[in-house]
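Asks: Predicted structure and sequence below. I'll ask about it afterward.
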Amino acid sequence: MTVSLGTPDDARLEALRQEFEHEASFNLVFVVLTVGATLIASLGLLANSPGVVIGAMVVAPWILPLQAMAFEILRGRLPMFLRALRTLLLGVVICVLLAMGVGHLVAFPSFGSEVMNRTSPNLLDLGVALVAGAVAMFAKLRKDAISALAGLAIAVALVPPMCVVGILLASSYWAQAYGALLLFTTNLLGIMVGAMAALATLERVYRRRLFHSRLGLTSVALTALLVIPLGTSFFRLVDRYRLETKAQQLETVIEQQLRSSTITLGADPAIDMVGISIDWQKNPPLIRAQVRVTDPALPTSAQVAAVQDFINRNQAPLRFRLVVQRSAVDLIGPETAPNPPELEVLPPPALPPLPAGQPAEE
């Protein structure tokens with residue numbers, strides 16, 4: 001069926017309504033896909049495998065009733081909206097219970113990045129959900145853009161966050177489970193509001209209903225309320241990245257200064273500095289310098305203290321504590337030369353004496 005945009009064609013909108021009515025149904029296909037997506041996502045999350053989790057995103061059918069909810073909000077048909085909402089909520093219950101079961105069976109004491117990265121959503125996640133919801137509705141109205149749906153399912157996921165909720169609840173990670181639930185809520189409302197905005201933009205018959213629908217205004221208001229926790233998380237993330245960048249830059253500067261301006265860690269042939277690291281959790285911050293030495297007595301405590309004073313003079317008002325972690329190495333070579341005497345490279349010839357009256361270069 002070819003759908004044209006911007007034409008209030010009753011037959012076309014009726015066909016679209018029938019499609020959404022079918023997609024809002026809680027049937028065997030929805031259950032099987034939900035169970036499959038949940039198991040795939042849960043196992044992929046526990047295995048910390050991004051590829052497996054992406055596969056679960058493609059299988060998950062939840063965006064279909066969510067689009068139906070957006071459509072029925074603009075149509076003002078509460079029964080069909082409640083039907084789609086019931087389908088989605090039943091899918092959520094199935095997902096959480098299955099994920100909790102998997103979490104209890106595996107009982108991992110800690111989790112990888114695929115789980116923990118879904119516990120701290122921010123404004124960027126809301127932006128992705130809004131755009132994905134709008135593009136998903138566009139793809140629904142334009143059948144020649146249907147291939148984008150798989151990519152949209154990957155871009156903004158609904159099943160993996162709820163799997164994370166179930167897995168974390170099984171291990172009593174309450175605060176992290178709340179974060180994953182916030183991510184799911186962000187994706188759900190973002191997709192629905194984005195879909196409503198796209199539908200109202202592309203279909204003139206629904207344009208006025210967007211701001212006259214109580215459900216629509218409620219959805220927009222709830223999405224706006226999410227800006228508070230998501231904005232707090234976003235600015236906290238920005239501050240953390242800014243501090244990490246400054247810390248890395250300062251670490252690089254200190255290492256360069258130690259190599260170029262100190263004898264102990266820069267010019268002593270018996271000491272080879274591998275690198276430094278700074279522990280900012282200590283007070284004062286602790287600099288660990290890793291060195292390889294051919295003399296196990298070097299560097300001495302006095303030398304380390306002198307280098308520490310050098311660092312603190314250059315980085316004032318910051319104060320650091322320096323410790324040196326040294327590893328003794330032995331330089332071992334063969335007892336015989338690699339070449340016979342006649343092939344040995346001769347030493348460079350001595351420079352000829354300068355003519356009388358010309359000073360030598362320093």
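Replies: Thanks, I have the structure now. Numbering: from 1, shown residues only.
Asks: residue boundaries of the helices in the stretch 151-300 of the chain?
Replies: 159-170, 174-202, 214-225, 227-261 (DSSP state H, counting those that start in this stretch).
Asks: And the longest one, what's buried?
Replies: Residues of helix 227-261 classed as buried by neighbour count (16 or more other C-beta atoms under 10 Å): Pro229, Leu230, Ser233, Phe234, Leu250, Glu251, Ile254, Glu255, Gln257, Leu258. Every residue, glycine included, has its C-beta placed from N, CA and C.
Asks: any idea how far it is from the chain center?
Replies: How far helix 227-261 lies from its chain's middle: 17 Å, per C-alpha atoms, centre = their mean, to the nearest Å.
Asks: Could you check the angle that helix makes with helix 174-202?
Replies: 110 degrees (axes from the mean of the first three to the mean of the last three C-alpha atoms, to 10 degrees).
Asks: So Arg319 sits against Leu286, correct?
Replies: No. Using C-beta atoms under 8 Å, Arg319 is not in contact with Leu286, being 11.1 Å away.
Asks: Looking at the two, which is more packed in?
Replies: Taking other C-beta atoms under 10 Å, Arg319 and Leu286 do not tie; Leu286 has more neighbours (15 against 12).
Asks: now that one, which residues is it bridged with?
Replies: Per DSSP bridges, residues listed as beta-bridge partners of Leu286: Asp279, Arg321.
Asks: mind checking how far it is from Phe26?
Replies: Remark: distance between Leu286 and Phe26 (C-beta to C-beta, to the nearest Å) = 58 Å.
Asks: Ok, His104 next?
Replies: For His104, the distance to Phe26 - C-beta to C-beta - is 26 Å.
Asks: the more surrounded of these two?
Replies: Per other C-beta under 10 Å, whichever of His104 and Phe26 has more neighbours is Phe26, with 17 against 13.
Asks: Centre of the chain to stretch 268-286, how far?
Replies: Its chain's average C-alpha position is 29 Å from that of stretch 268-286, according to C-alpha atoms, centre = their mean.
Asks: Sorry, slip of the keys, the one I care about is stretch 206-218.
Replies: Distance, centroid of stretch 206-218 to centroid of chain: 34 Å (C-alpha atoms, centre = their mean).
Asks: pLDDT (mean, whole number) over stretch 81-96?
Replies: Stretch 81-96 shows a mean pLDDT of 94.
Asks: how about that stretch as PDB, C-alpha atoms only?
Replies: Below are the C-alpha coordinates for stretch 81-96, written out as PDB (Å, rounded to 0.1, in the frame of the first residue of the first chain):
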ATOM      1  CA  PHE A  81      -5.000   3.700  23.200                       C
ATOM      2  CA  LEU A  82      -5.700   1.700  26.300                       C
ATOM      3  CA  ARG A  83      -5.500  -1.500  24.200                       C
ATOM      4  CA  ALA A  84      -2.000  -0.600  22.900                       C
ATOM      5  CA  LEU A  85      -0.900   0.500  26.400                       C
ATOM      6  CA  ARG A  86      -2.100  -2.800  27.900                       C
ATOM      7  CA  THR A  87      -0.100  -4.700  25.200                       C
ATOM      8  CA  LEU A  88       3.000  -2.700  26.000                       C
ATOM      9  CA  LEU A  89       2.600  -3.100  29.800                       C
ATOM     10  CA  LEU A  90       2.200  -6.800  29.500                       C
ATOM     11  CA  GLY A  91       5.300  -7.000  27.400                       C
ATOM     12  CA  VAL A  92       7.200  -5.000  30.100                       C
ATOM     13  CA  VAL A  93       6.000  -7.400  32.800                       C
ATOM     14  CA  ILE A  94       7.100 -10.400  30.800                       C
ATOM     15  CA  CYS A  95      10.500  -8.800  30.200                       C
ATOM     16  CA  VAL A  96      11.200  -7.900  33.800                       C
END
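Asks: No more questions from me, cheers.
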